[in-house]
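Chemist: A predicted structure for the sequence below; I have some questions about it.
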Amino acid sequence: MTRTITIDPVTRIEGHAKISLNLDAAGQVTSAHLQVFEIRGFEKLLQRMELFKMPLITARICGICPAAHHLAAVTAIENGLGVEVPKDARLLRELLYMGHILHSHALSAFVLAGPDLMAGPGAKAADRNVFALLRVEPELAKKVLRLRSAGQRAVEIVGARGVHPVTAVPGGMAARPSADELRGLATAAAQSIEIIEELAAVLHEKVQAFAALHEPLLLPFPALGLSKGGELSFLEGDLVVADEEGAALRTFSPAAYAENFIEHVMPDSFMKCVRLRGTIETAAFVGPPARLRVNAKVATPKATVLRDAFQAGRQSRLAALDYVGARTVEMMFAAERMAMIAGGELAGGPIHTACEPREGRFIGAVEAPRGILIHDFTADADGRITAANLIVATQANYDAIDQAIASAARRSLPQNNDELLMSNLEFAVRCFDPCLSCATHTAGRMPMEVIISRCGVVERALVRRVG
Amino acid sequence: MKARVSTEWLSGCSGCHIAIVDLHEKLLNLVDEIEFVRAPILMDEKGYPDADVGIIEGAIRSDHDRRAAEKMRASVKTLVAFGTCAVYGGPSGVGWLHSKDSVFATVYDQGPTNSAGERPGGAVPALEKSVTPIGEVVTVDFFLPGCPPSPYFIAAGLRRILSGEAPELTDKTVCADCRRKMVKRPGTPLRTGAITAAEDDVCLLSQGVICMGSVTLNRCLAPCPARGVACTGCNGPRPEIVREPHLDIRTTIAKNMHFLCGIDPAEVKGYLERDAKTYYSYAMASPVIYKKPTVELREWAGEGKA
């Protein structure tokens, strides 16, 4: 018999999803799976478009992390052309990108996954959103929105637009901000540092309260992330796979990604998973805690303090909750770098090296807010795309997400409380902050439902709904 | 009583929802005036509660999207197609050119990291044959294109709609807000594939670069040409091109470049047709474009005749 329990569906993830839980005859959870239901097919859509337009059109893959796609595409083109980007242009891109990280992490920490933490695990669904947060804790919520705005304003000023920035062009930057604009950004960055210091304490307290109620979801995966000689880096470096202690298991340049990654179609889903090739294929996890695992060093002082506290408190295996703490470290790093660049690192030198489109293979990688992002284009002699391949963060986290859901379900199912089961599953997914727009190079809506099957036969379906 | 606002996100990137958050401080004033009863990304969804104003981002790609658009229409008094994907198909709408099979073959077989032959199966929704703007599926009261619309126009448009009036937004082109000067430069060659130009205060068309500002509706305040990057037409076509079957994107740009640079209109027209996937990427799924008498997008894009 199929029983439907009506609770409210989850939408505070970018994109929409369904979860299936598979049980054996004895009712034990054997596996769990996130299903993703929309597809736009950007690899096809990009064919025959102009190479130099890739940084503009690929931004449209995702409205939450357009700057990541914008810079991945321009990096790919420049790698393929072998063009040297002037130092000031690199700094301007970093300024834009640190603003982007601040926007995305603040959005995640307080608008997407945050309300679960802030309102606490027992809160009603209607109280777990940013509008409720504005009613209940207006001062805190306003600070968070100001933090996100500070980041997004940096994107607006340096990138010309907040959503879908445009100024990173092959060879450098198309424009530079005025001295006044830079002063404004430096001031906003300094204020952001103060807000993050305050919020870090609040978040830490909330995470502790959450952890006390929930055993950690520990996942046995190696970390995968970009590294600039052991230093946290978003826009350049090699790809490193590291074990639980942070020791490198594999290091390769982004150009060698195809020899190292393989994608598989997953059941009941348009989203492919990404695994590491090898005699045995292995899964890895990506995103803020992976970046802090593969990199022992963070190049700014206040983020280093937060990073050391984070490292001291974490378990050797990945806990889903680590995403919250790691994001805080990175927000601080982003605000500090914004303050440094806007406050005086720019020398007034050239920002563009002339270059022309040509035939070839163009591969580039950046760390998107949610983890590694690779763009790979092949262009013909007219500078038109003949093939495109995109590897995005959430695909690489697919196995880790499935395991986190399974682990949450194993713990919650015996308690015979559907409300609690849904909350725990939701929270496990939201910790990863999966970006399904990116992951299927699509977006769309699909309320979260949980389908529970025993020995392959659907036993019941849970859908959450309020009012 | 606060006006009730319901939003929905179909085949698009969620950037139009982020653009609402990009109202920054104004968002707080807005939250004082309206109540969001449904907003993906921002809050947990609650089915399709009745609302005064409904806002849809994204196009129709699957049977699921179509049902969602119909449920939105049935639950709201005023429906807004919000952003270029909802209004014209947007980048999602480039899928209009391709069969489902060819999209799947590229996505799941051709890449160097794919495990060829694997296909999504089981409980995935059925993709529709094509991609459709919202207005082709349900009755839309107001259209607010933009990729995303600038927060300036979102604030101005929403305020009027909430007070029950039609939004009075400019119907000028991006050029109208561009600070660059159009100058005649006979003898300037066409610079194919370029997106920037050397002179910072001169119109990009005058410098031989294809800028789509003159054929594009201003829903952005012209930030791209202001910061040195040619317009790619992301707000969709200007009203005359939408209304008049004999006016088109490629012919209008060709005419303007002939006037400014003396370039043979056939050269510009031929280039824009060869690169139709780039220059029609935001509005090709809309019948106002693909039904124009001389527009042959599938043929130009190498997909055979329609």
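Modeler: Here it is on my side, so go on.

Chemist: wait, isn't residue A:354 in contact with residue A:172?
Modeler: No. Here residue A:354 does not reach residue A:172: they are 9.2 Å apart, not a contact under Cβ atoms under 8 Å. Every residue, glycine included, has its C-beta placed from N, CA and C.

Chemist: so where's chain A uncertain?
Modeler: By pLDDT under 70, the weakly predicted segments of chain A are A:1-17, A:112-115, A:120-126, A:212-217, A:316-317, A:435-448, A:463-467.

Chemist: swap the cut-off to 50 and go again
Modeler: A:1-15, A:439-447, A:465-467 (pLDDT under 50).

Chemist: of all residues in it, which one is closest to chain B?
Modeler: Residue of chain A nearest chain B, by Cβ to the nearest Cβ: residue A:63 (2.4 Å).

Chemist: please enumerate the helices of chain B.
Modeler: Remark: helices assigned in chain B by DSSP state H are B:15-21, B:25-33, B:63-75, B:84-88, B:100-105, B:151-162, B:223-226, B:239-243, B:249-261, B:265-274, B:276-279, B:287-290, B:297-300.

Chemist: and those helices: which comes nearest residue A:77?
Modeler: helix B:276-279 (14.8 Å; Cβ to Cβ).

Chemist: for the nearest residue to residue B:172 once chain neighbours are set aside, give its distance to residue B:171.
Modeler: Of all residues not flanking residue B:172 in the chain, residue B:218 sits nearest, at 5.2 Å (Cβ to Cβ, 6 or more residues apart in numbering or on different chains). Residue B:218 is 8 Å from residue B:171, where distance means Cβ to Cβ, to the nearest Å.

Chemist: quick one, which of these two is more surrounded?
Modeler: residue B:218 (23 against 12; other Cβ atoms under 10 Å in any protein chain shown).

Chemist: so who does residue A:100 touch?
Modeler: A:65, A:67-68, A:151-152, A:154-155, A:369 (Cβ atoms under 8 Å, 6 or more residues apart in numbering or on different chains).

Chemist: who are the packing partners of the host helix or strand of residue A:376?
Modeler: Using DSSP states H and E, residue A:376 sits in strand A:371-379. If contacts are counted by 3 or more Cβ pairs under 8 Å, 6 or more residues apart in numbering or on different chains; DSSP states H and E, strand A:371-379 sits against helix A:66-81, strand A:223-228, helix A:257-260, strand A:360-368, strand A:385-391, helix A:393-396.

Chemist: most packed of those?
Modeler: Most buried of those, by mean neighbour count (mean count of other Cβ atoms under 10 Å in any protein chain shown): helix A:393-396, with a mean of 29.

Chemist: name the residues that touch that one?
Modeler: A:224, A:263, A:271-274, A:284-287, A:368, A:370-373, A:401, A:432, A:434-436, A:438-439.

Chemist: centroid residue for the chain?
Modeler: Since you didn't name a chain, this refers to chain A. Taking Cα atoms, centre = their mean, the centroid of chain A lies closest to residue A:370, which sits 1.2 Å from it.

Chemist: ah, no, chain B please
Modeler: Nearest to chain B centroid, counting by Cα atoms, centre = their mean: residue B:84, 2.6 Å.

Chemist: hmm, that residue is touching residue B:237, no?
Modeler: No. The pair residue B:84 / residue B:237 is not scored as a contact, 10.3 Å apart, by Cβ under 8 Å.

Chemist: overlap of the contact sets of these two?
Modeler: Both residue B:84 and residue B:237 are contacted by residue B:283, under the criterion Cβ under 8 Å, 6+ apart.

Chemist: got the angle between the helix or strand of chain B with the lowest mean pLDDT and helix B:151-162?
Modeler: Of all helical and strand segments in chain B, the minimum by mean pLDDT, DSSP states H and E falls on helix B:25-33, at a mean of 84. Helix B:25-33 and helix B:151-162 are oriented at 10 degrees to each other (axes from the mean of the first three to the mean of the last three Cα atoms, to 10 degrees).

Chemist: got the buried residues for helix B:25-33?
Modeler: B:27, B:30-31 (16 or more other Cβ atoms under 10 Å in any protein chain shown).

Chemist: can you narrow the residues you listed down to the ones near chain A?
Modeler: Contacts with chain A within the buried residues of helix B:25-33, counted by Cβ under 8 Å from any Cβ of the partner chain: B:27, B:31.

Chemist: can you put the buried residues of helix B:25-33 in TSV and add distance to residue A:131?
Modeler: Converted to TSV, those look like this (distance: Cβ to Cβ, whole Å):
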residue	distance to residue A:131
B:27	10
B:30	11
B:31	6
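
Chemist: quick one: is the biggest helix by length in chain A near chain B?
Modeler: Assignment by DSSP H gives helix A:179-213 as the longest helix of chain A. No. Residues of helix A:179-213 contacting chain B under Cβ under 8 Å from any Cβ: none, with a closest distance of 11.3 Å.

Chemist: next helix or strand past that helix?
Modeler: strand A:218-219.

Chemist: now what about that following strand, what contacts it?
Modeler: By Cβ under 8 Å, 6+ apart, the surrounding residues in contact with strand A:218-219 are A:285, A:315, A:317-320, A:400, A:403-404, A:407.

Chemist: ok, it: who's next to it in the sheet?
Modeler: Each strand paired with strand A:218-219, and its direction, by DSSP bridges: strand A:318-319 (antiparallel).

Chemist: and the contacts of the strand it pairs with?
Modeler: Applying Cβ under 8 Å, 6+ apart, the contact partners of strand A:318-319 are A:216-219, A:221, A:223, A:285, A:289-290, A:293, A:400.

Chemist: and residue B:185, how many neighbours?
Modeler: The local packing of residue B:185 (other Cβ under 10 Å) involves 15 other residues.

Chemist: go on, residue A:376?
Modeler: 25.

Chemist: endpoints of stretch A:311-328, how far apart?
Modeler: 13 Å (Cα to Cα, to the nearest Å).

Chemist: can you point out the buried residues in it?
Modeler: A:314, A:318-328.

Chemist: who in the stretch 151-300 of chain A is up against chain B?
Modeler: Close to chain B, as judged by Cβ under 8 Å from any Cβ, the stretch 151-300 of chain A has residues A:152-153, A:156, A:160-164, A:166-167, A:169, A:174-175, A:257-258, A:261-270, A:272, A:274.

Chemist: apply 7 Å and report the result again.
Modeler: Contact residues (Cβ under 7 Å from any Cβ of the partner chain) of the stretch 151-300 of chain A with chain B: A:152, A:160-164, A:166-167, A:169, A:174-175, A:258, A:261-265, A:267-270.

Chemist: tell me which of those fall in strands.
Modeler: A:169, A:261-265 (DSSP state E).

Chemist: burial count for the residue in chain B that chain A sits nearest to?
Modeler: Residue of chain B nearest chain A, by Cβ to the nearest Cβ: residue B:15 (2.4 Å). Residue B:15: 30 surrounding residues under other Cβ under 10 Å.

Chemist: then residue A:452?
Modeler: 23.

Chemist: three-state assignment of it?
Modeler: strand (DSSP: H, G, I helix; E, B strand; the rest coil).

Chemist: OK, contacts around it?
Modeler: By Cβ atoms under 7 Å, 6 or more residues apart in numbering or on different chains, the contact list for residue A:452 reads A:21, A:23, A:459-460.

Chemist: can you tell me how far it sits from residue A:185?
Modeler: Taken as Cβ to Cβ, the span from residue A:452 to residue A:185 is 50 Å.

Chemist: and which of the contacts of residue A:100 is nearest residue A:201?
Modeler: Once Cβ to Cβ is applied, the member of the contacts of residue A:100 that ends up nearest residue A:201 is residue A:151, at 20.1 Å.

Chemist: no further questions, thank you.
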